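> Give me the fold of what follows.
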Amino acid sequence: MANDCRSRAQGILLGLACGDALGRPVEFQGPDRIKETHGRVTDMLAHGTYGQPAGTVTDDTEMALSITRSLAEHGTFEPEDIAARFVDWKQSGPFDIGIPPSSALQRIDNSESWDEAGHREWEARAWKATTLATIA
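Numbers count the residues shown, from 1 in each chain. The predicted model follows:
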């Protein structure tokens, strides 16, 4: 049973990484532009969004792997450990990291707790979204 569960987890992570790497070169492009430029994307493409080599994964996969490693080492969800892993990953200089996660991780790196940093970042983003919607 343990091997079956491990095999499923590996398959999930492999599927995540493959899908992420397949979509990374066309990230932020609409379906019409993708179709016009590439047809149907079925092969790993180089360059595109972020100009990376074919098969390169994004922050989505990198962060999922950080969570997975923490779960494997601790056997349970340890948010402080995951936050520390995320901060270490951010400090390694990834080519791709979203603005909200980057900002929240900076808060954690500046000694805010993971939950306080996440909550404050969420509040800051919610306020901006509400303000922009009101202005528009």
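> And what about the residue nearest the centre of the chain, helix, strand or coil?
When the chain is reduced to its mean C-alpha position, the closest residue under Cα atoms, centre = their mean turns out to be Asp60, at 2.2 Å. Going by DSSP: H, G, I helix; E, B strand; the rest coil, the secondary structure assigned to Asp60 is helix.
> With the one 5 residues further on instead?
Three-state assignment for Leu65 (three-state DSSP): helix.
> Could you double-check that it sits in contact with Ile12?
No. Under the contact definition of Cβ atoms under 8 Å, Leu65 does not touch Ile12, with a separation of 11.6 Å. Heads up, the C-betas are built off the backbone N, CA and C, glycines and all.
> who's more crowded, those two?
Neighbour tally, Leu65 and Ile12, criterion other Cβ atoms under 10 Å: the higher count belongs to Leu65, 16 against 12.
> And for the more buried one, nearest residue in space, chain neighbours not counted?
The shortest distance from Leu65 to any residue that is not its chain neighbour, by Cβ to Cβ, 6 or more residues apart in numbering, is 7.1 Å, and that residue is Leu13.
> so what's that neighbour up against?
For Leu13, the contacting residues are 64-65, 68, by Cβ atoms under 8 Å, 6 or more residues apart in numbering.
> ok, now Ser102?
When contacts are counted by Cβ under 8 Å, 6+ apart, Ser102 is found next to Lys90.
> element containing it?
helix 99-109 (DSSP states H and E).
> So which bits of that helix are buried?
101, 104-105, 107-109 (16 or more other Cβ atoms under 10 Å).
> Report the two of those separated the most.
Pro101 and Asp109 (12.1 Å; Cβ to Cβ).
> Residue ranges of each domain in the chain, please.
Split into domains by automatic domain parsing, the chain comes to 1-56, 58-136.
> could I get these as TSV with mean pLDDT?
Compiled in TSV, those are given as follows (pLDDT from 0 to 100):
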stretch	mean pLDDT
domain 1-56	92
domain 58-136	90
